[in-house]
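A.B. asks: starting from these lines, generate the structure:
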Amino acid sequence: MWINVAVLLAGVLLLLGITSSKFSARLGVPVLVLFLTVGMLAGSEGLGRIPFENYGLANSVGSVALALILFDGGLRTSLASVQQVWKPALALSTVGVLLTALITGLAASWVLKLPMLPGLLLGSIVGSTDAAAVFAVLRSSGLKLPERLTSTLEVESGSNDPMAIFLTLGLMGMITGRADSAQALALLFVAQFGVGSLAGLLVGRLATWAINRINLDYPGLYPLLALAFGLVAFGLAAVLGGSGFLAVYVAGIVLGSSSIVFWRGILSFHDATAWLGQIVLFVMLGLLSFPSRLLAVAWEGLLIALVLILVARPIAVWASAWPFRFRSRELAFLSWVGLKGAVPITLATFPLMAGVPQSQLIFNAAFFVVLISAITQGWSLPLVARALQIGRPADPIPALSVEINALRHVDGEILDYTVNARAPVAGQQLRDLALPDGVLVTLILRGREVLMPRGTTTLMPGDHVFVALRISLEPLINRLFDPDPEPSALPSDLPLSFNPATTLAQLHRFYGLPLPLEMAGSAAAQSLEALLAQSAPGDAPGNAHGKALRVGVLLIQAGAEQEHVTVLIARHLLPFQGHGGDIAHQ
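C.D. replies: Numbers count the residues shown, from 1 in each chain. Here you go, the predicted structure:
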């Protein structure tokens, strides 16, 4: 009979958690705070009166839930973004966590009148930026941050758990006398990072190979197969003494950065599992709390939280990330988005289970610090971003979605773009966009009206545009709809086929292709066909018409088919100074 009651309670709590997320944006409160509130209201001192003080169970369930959240976060973190920010993210994950833990721990020792080591233990528990909290707040903030900033926050929060775990376990060993030597602590540090990274990398590669070759008969099994590999990565690293959290995050990055079948279905499934993990995790942690105990450490916890948020985190960020050429306002934003969440509370259960002296006080103080961090930093994130002039409002979610869930590899996908008022395509007719061959606008959603695209259709701000394209062309088309495109987004050394009537001015305007000064004005307004006709015959291999023209970094050739002209963005070409400056006949 008890199982029926448990299922009923689980369903009610899940419903309350999902319903509370609906009010997140209206109330200006992060969803994780609402999930915690639901758990606290249902707990032993709340309206629900559900008794729950099983720290071991909370630790185990919390670890699995966090693994689901990190795996989904890894799937959405591209390898390219990791390569771009791994240095500052690694510095924040190691040096940053160490400095945060040290400064906060010293403050906790003084405020709570604890010996030095227990104070540092509390600092280590709350020292890491929590992935679940960061992912949840970034999702619900309604902001689109610069790519480098978002990637740094996500990679830092996904990879800094090993350092926090190392510091927590190391200090617990020193307090209880179980730490054998400095050598043992160094080995623990290497194992947390090394074994976790290696296990995640190997399992991620194995998952990519298996998903693409297993050829399952039932599409619904592909997301479960990916989930199974994520759990294997977590468990394997943990069994071998490494960080399961780092392993599952790395496995997600490797898998998400690869070309795999049924990708959209896998991503949608893990989006749901991540939300489930967040709801279960924070509602359970809310159940675990006792408001009366939190109130008993309220003033002390508030002082520790203020030191953490206003002193420790900013010093750690500036010391760790300043050498990597972040602007002052970006460093200020990174300092503020040091959210605490599930990991500190989960780590705070370790001393309780190990019987560390004053562990209950450490747990209550850590829980209160997490609440203050989640409420103040999570709630004020959009305000701080606007004050620092960072990011822009996120694109609204369209009422219509179009997806391709391919069970075999196909060179194509359908993407949904939202027209921003500052994007190059805003106010332009489709026939003037200079779309390359292999790209087709299939559908336009304007409010609740579905428009069938024609050449004379004008794209208006707020339109949702569904584009079918070859996968290799995605970076180029992304630039059309991005109000602040990155220069590195251009696909170099990729042959692009355009209509012969396309002009150099259009290529420059819509794709940001650089043009030599000699091509300004009327010369840039000429069509590719006209420019090519003026060039001398050459020996371009594979060129049916034997003509090619060099314009800056562009190599223009007659296409194999008469209705197309091929343009190659050849970044590797050295500047050529001929009679026409940067323009030379081949």
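A.B. asks: quick check: Leu201 vs Thr503, distance?
C.D. replies: 47 Å (C-beta to C-beta, to the nearest Å). Where C-beta positions appear, they are placed from N, C-alpha and C, glycine not excepted.
A.B. asks: looking at the two, which one has more neighbours?
C.D. replies: The neighbour comparison of Leu201 against Thr503 (other C-beta atoms under 10 Å) goes to Thr503, with 19 against 16.
A.B. asks: what bridges to the more buried one?
C.D. replies: Ser527 (DSSP bridges).
A.B. asks: surely it is in contact with Phe510?
C.D. replies: No - using C-beta atoms under 8 Å, Thr503 is not in contact with Phe510, being 10.6 Å away.
A.B. asks: between those two, what contacts are shared?
C.D. replies: Ala434 (C-beta atoms under 8 Å, 6 or more residues apart in numbering).
A.B. asks: what's Ile214 sitting at in phi/psi?
C.D. replies: phi -70, psi -30 (degrees, to the nearest 10).
A.B. asks: okay, now the unreliable bits of the stretch 451-586 of the chain?
C.D. replies: Scanning the stretch 451-586 of the chain for pLDDT under 70 picks out 485-493, 514-523, 535-547, 552-553, 560-562, 570-586.
A.B. asks: mind listing the helices in it by residue range?
C.D. replies: For the stretch 451-586 of the chain, helices defined by DSSP state H, counting those that start in this stretch occupy the ranges 474-481, 504-511, 528-534.
A.B. asks: could those be laid out in a markdown table, adding mean neighbour count?
C.D. replies: Shown next, in a markdown table, are the helices of the stretch 451-586 of the chain (neighbours: other C-beta atoms under 10 Å):
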| stretch | mean neighbour count |
| --- | --- |
| helix 474-481 | 20 |
| helix 504-511 | 20 |
| helix 528-534 | 17 |
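A.B. asks: and of these, who's closest to Leu494?
C.D. replies: Comparison of the helices of the stretch 451-586 of the chain against Leu494 by C-beta to C-beta identifies helix 474-481 as nearest, at 8.1 Å.
A.B. asks: quick check: Leu227 touching Ala67?
C.D. replies: No - Leu227 lies out of contact with Ala67 (C-beta under 8 Å); the separation is 9.9 Å.
A.B. asks: of these two, who's got more company?
C.D. replies: Ala67 (25 against 19).
A.B. asks: distance-wise, check that one relative to Leu13.
C.D. replies: In terms of C-beta to C-beta, Ala67 sits 20 Å off from Leu13.
A.B. asks: likewise for Val467?
C.D. replies: 41 Å.
A.B. asks: next one: Phe466
C.D. replies: Where Leu13 is concerned, Phe466 sits at a distance of 38 Å (C-beta to C-beta).
A.B. asks: make JSON lines from the helices of the stretch 451-586 of the chain and add distance to Met116 to it.
C.D. replies: JSON lines is the format used below for the helices of the stretch 451-586 of the chain (distance: least, C-beta to C-beta, whole Å):
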{"stretch": "helix 474-481", "distance to Met116": "52"}
{"stretch": "helix 504-511", "distance to Met116": "59"}
{"stretch": "helix 528-534", "distance to Met116": "72"}
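A.B. asks: which residues sit against stretch 497-506?
C.D. replies: 432-434, 436-438, 507, 513, 515, 519, 523-529, 531, 551, 554, 559, 561, 563-567.
A.B. asks: cool, and stretch 417-436?
C.D. replies: Under C-beta under 8 Å, 6+ apart, the answer for stretch 417-436 is 392, 395-396, 398, 441, 453-467, 473, 476-477, 479-484, 496-499, 502-503, 506-507, 509-511.
A.B. asks: ok now it, how far from the chain's centre?
C.D. replies: From the chain centre to the centre of stretch 417-436 is a distance of 27 Å (C-alpha atoms, centre = their mean, to the nearest Å).
A.B. asks: tell me which residues of it are tucked away?
C.D. replies: 417-420, 423-426, 428, 430, 433-436 (16 or more other C-beta atoms under 10 Å).
A.B. asks: straight-line length of that stretch, end to end?
C.D. replies: 17 Å (C-alpha to C-alpha, to the nearest Å).
A.B. asks: what about that stretch, average pLDDT?
C.D. replies: The average pLDDT for stretch 417-436 rounds to 87.
A.B. asks: same check, this time on stretch 69-88
C.D. replies: pLDDT averaged over stretch 69-88 gives 84.
A.B. asks: buried residues in that stretch, which are they?
C.D. replies: Neighbour-count burial for stretch 69-88 [16+ other C-beta under 10 Å]: 69-77, 81-82, 84-86, 88.
A.B. asks: looking at those residues, spot the one nearest Glu300.
C.D. replies: After measuring those against Glu300 - C-beta to C-beta - the closest member comes out as Ile69, at 29.8 Å.
A.B. asks: mind checking how far the closest one is from Glu529?
C.D. replies: Taking C-beta to C-beta, one finds Ile69 at 53 Å from Glu529.
A.B. asks: got the phi and psi for Gly127?
C.D. replies: phi -80, psi -20.
A.B. asks: wait, Val283 touches Gly17, no?
C.D. replies: Yes - here Val283 reaches Gly17: they are 5.4 Å apart, a contact under C-beta under 8 Å.
A.B. asks: need the overlap of contacts for the two.
C.D. replies: 35, 38.
A.B. asks: the longest helix along the chain packs against which elements?
C.D. replies: The longest helix of the chain (DSSP state H) is helix 263-288. Helix 263-288 sits against helix 2-22, helix 31-42, helix 55-75, helix 131-140, helix 221-239, helix 342-354, with contacts defined as 3 or more C-beta pairs under 8 Å, 6 or more residues apart in numbering; DSSP states H and E.
A.B. asks: just checking, what packs against the last one?
C.D. replies: Going back to what we said before, that points to helix 342-354. When contacts are defined as 3+ C-beta pairs under 8 Å, 6+ apart, helix 342-354 sits against helix 55-75, helix 116-125, helix 131-140, helix 161-176, helix 263-288, helix 359-373.
A.B. asks: and it, which residues are buried?
C.D. replies: So for helix 342-354, counting by 16+ other C-beta under 10 Å, buried means 342-352.
A.B. asks: turn these into JSON lines, including pLDDT and distance to Ser292.
C.D. replies: Output for these, formatted as JSON lines (pLDDT from 0 to 100; distance: C-beta to C-beta, whole Å):
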{"residue": "Ala342", "pLDDT": "74", "distance to Ser292": "22"}
{"residue": "Val343", "pLDDT": "80", "distance to Ser292": "25"}
{"residue": "Pro344", "pLDDT": "85", "distance to Ser292": "21"}
{"residue": "Ile345", "pLDDT": "82", "distance to Ser292": "17"}
{"residue": "Thr346", "pLDDT": "81", "distance to Ser292": "22"}
{"residue": "Leu347", "pLDDT": "84", "distance to Ser292": "23"}
{"residue": "Ala348", "pLDDT": "85", "distance to Ser292": "17"}
{"residue": "Thr349", "pLDDT": "86", "distance to Ser292": "19"}
{"residue": "Phe350", "pLDDT": "85", "distance to Ser292": "23"}
{"residue": "Pro351", "pLDDT": "88", "distance to Ser292": "20"}
{"residue": "Leu352", "pLDDT": "85", "distance to Ser292": "17"}
